[in-house]
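J.: Prediction below, plus the sequence it came from.
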Amino acid sequence: MNRDKIFLVGFSGAGKTTLGKQLAEKLNYDFFDIDELIEQSEGISISTIFEKKGEITFRKIENKVLTKTMFFPKTVIACGGGTPCFHDNMDFMLKQGTVIYLKVTEEELGTRIQNSDTPRPLFSDSKEYEKSIRRIKIMLEERKKDYQRAHITIENSNKDTEALDKILKAL
């Protein structure tokens, strides 16, 4: 496993950004969030890209931004929830560095998404918890084959405050 770059993947609300910042600090690496890099490159929010340009265009932009990370040494990169599922992005990440899947239960993801201040474009119409849970179950099933290809899987539920330690031990 190449530790020069560490990609954190998992569903929206899995803790990729939060744990990514903590991990980067512990390793003395740089930290980047793919969604933030996309917003910087496009000059508009992810929600606006989805709304005005659609998911297909967003995924193309996401792939272009992800590919640029090949030039980032000693970096932790928090990926969007769907990043590994499009344009052979998972193959790219597996070759470029270590991929860590942050696994969280459907119920916990539903709670995190409902309580989040962060806009989640794929859940903008799902303010009801039960509706969110149904969508999460469907999307997790679709994405499972990609997430499971990660080099390392770490459980990251609210009850598990040791996720960072688990990641450091697994590396």
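T.: Here it is on my side, so go on. Values in this document were obtained by computation on a predicted structure and should not be read as measured data.

J.: quick one: residue 168 from residue 41, how far?
T.: 31 Å (C-beta to C-beta, to the nearest Å). C-beta: built from backbone N, CA, C; applies to glycine.

J.: Okay, and residue 76 sits in which element?
T.: Using DSSP states H and E, residue 76 sits in strand 75-78.

J.: burial count for the nearest residue to residue 70 once chain neighbours are set aside?
T.: Leaving aside its sequence neighbours, residue 70 sits nearest to residue 96 (C-beta to C-beta, 6 or more residues apart in numbering; 5.7 Å). Using other C-beta atoms under 10 Å, residue 96 has 19 neighbouring residues.

J.: pLDDT below threshold where in the chain?
T.: Within the chain, the segments meeting pLDDT under 70 span 116-127, 129, 158-161.

J.: hey, where'd the helices end up in it?
T.: Remark: helices assigned in the chain by DSSP state H are 16-27, 34-42, 46-68, 89-96, 106-115, 129-147, 163-170.

J.: dump the residue contacts of the closest residue to residue 21 other than its chain neighbours.
T.: Using C-beta to C-beta, 6+ apart and skipping residues adjacent in sequence, the residue nearest residue 21 is residue 31, 5.3 Å away. Neighbouring residues of residue 31 by C-beta atoms under 8 Å, 6 or more residues apart in numbering: 20-21, 23-25, 75-78.

J.: Selection in PyMOL covering whichever of those are buried, please.
T.: If you want just the buried ones from the contacts of residue 31 in PyMOL, going by 16 or more other C-beta atoms under 10 Å, the selection is:
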select buried, resi 20+23+24+75+76+77+78
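
J.: Can you name the two of the contacts of residue 31 that sit furthest apart?
T.: Greatest spacing in those, by C-beta to C-beta: 25 and 77 (14.5 Å).

J.: right, and residue 32 touches residue 73 too?
T.: No - assessed by C-beta atoms under 8 Å, residue 32 is found out of contact with residue 73, at 11.9 Å.

J.: Look at those two and report which has more neighbours.
T.: Set side by side, residue 32 and residue 73 show more neighbours around residue 32, with 21 against 9, by other C-beta under 10 Å.

J.: can you tell me how far the closest residue to the more buried one other than its chain neighbours sits from residue 114?
T.: Closest residue to residue 32 apart from its sequence neighbours, by C-beta to C-beta, 6+ apart: residue 77 at 5.2 Å. Distance of residue 77 to residue 114, given as C-beta to C-beta: 26 Å.
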